[in-house]
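Trainee: Got a predicted model here, sequence first, then my questions.
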Amino acid sequence: MAMIVEWIAIVLALIGALVCAISAFGLIRLPDVYLRSHAATKSAALGVLFILLGAFLFFWMVDGEINAKLLLAILFVFMTSPVAGHLNGRAAYRSGVKLWKGSVRDDFKDVLESGGKSAPEAVHKPEPPKLP
């Protein structure tokens, strides 16, 4: 049983390392800050989660210890990485970094032009209440 768990942990760690390598390749090859931010947050977080999950399974099944630090690290990466990527992209957009010329959508442009309101509120203004 321990040997099977060791191999599962090794496979998870290798998959995580491969996903992190693909993420690093994406950081080098992608054309603009928004696509690079996507590569840095989504795939790097997934790679780190696979590596941490492999380590957690190894220590849990082979040594018989539940490592709270690994669980907290998994939770922390899972929660903070997407938020950091979103805030980096938003800060880049608000500071005037141009989209890649091959980009086909700019969803945030309408929100900024409407004064920060969401699209349905910006298009449909509510009617004032009618007095009797």
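Mentor: All right, it came through fine. None of these values were measured; they are calculated from a predicted model.
Trainee: from here on, contacts and neighbour counts on C-alpha atoms
Mentor: Will do.
Trainee: Residue ranges in the chain under the pLDDT threshold?
Mentor: When residues are selected by pLDDT under 70, those of the chain lie in 116-127.
Trainee: can you do 80?
Mentor: Counting by pLDDT under 80, the chain has low-confidence residues at 1-2, 107-132.
Trainee: can you give me the helices for it?
Mentor: Using DSSP state H, the helices of the chain run over 2-29, 33-38, 44-58, 68-94, 107-113, 119-123.
Trainee: Nearest to W100, out of those?
Mentor: In terms of CA to CA, the element of those nearest to W100 is helix 33-38, at 8.6 Å.
Trainee: correct me, but L70 touches I51?
Mentor: No. Counting by CA atoms under 8 Å, L70 does not reach I51; the two are 10.2 Å apart.
Trainee: and those two? which has more neighbours close in?
Mentor: I51 (23 against 17; other CA atoms under 10 Å).
Trainee: Please determine how far the nearest residue to the more buried one once chain neighbours are set aside is located from G47.
Mentor: Excluding its sequence neighbours, the residue lying closest to I51 (CA to CA, 6 or more residues apart in numbering) is A13, at 4.3 Å. In this view, A13 and G47 are 8 Å apart by CA to CA, to the nearest Å.
Trainee: for A24, same thing?
Mentor: A24 sits 11 Å away from G47, going by CA to CA.
Trainee: returning to that earlier point: for the residue nearest to I51, which residues are in contact?
Mentor: Applying CA atoms under 8 Å, 6 or more residues apart in numbering to A13 gives the contacts F50, I51, L52, L53, G54, A55.
Trainee: So what's the residue count around A68?
Mentor: The burial count for A68: 10, using other CA under 10 Å.
Trainee: Check the gap between it and A2 for me.
Mentor: In terms of CA to CA, A68 sits 21 Å off from A2.
Trainee: what's the answer for V62, then?
Mentor: For V62, the distance to A2 - CA to CA - is 6 Å.
Trainee: higher neighbour count, the two?
Mentor: V62 (15 against 11).
Trainee: quick one: the more buried one and I8 touch, right?
Mentor: No. If you go by CA under 8 Å, V62 and I8 don't touch, sitting 11.5 Å apart.
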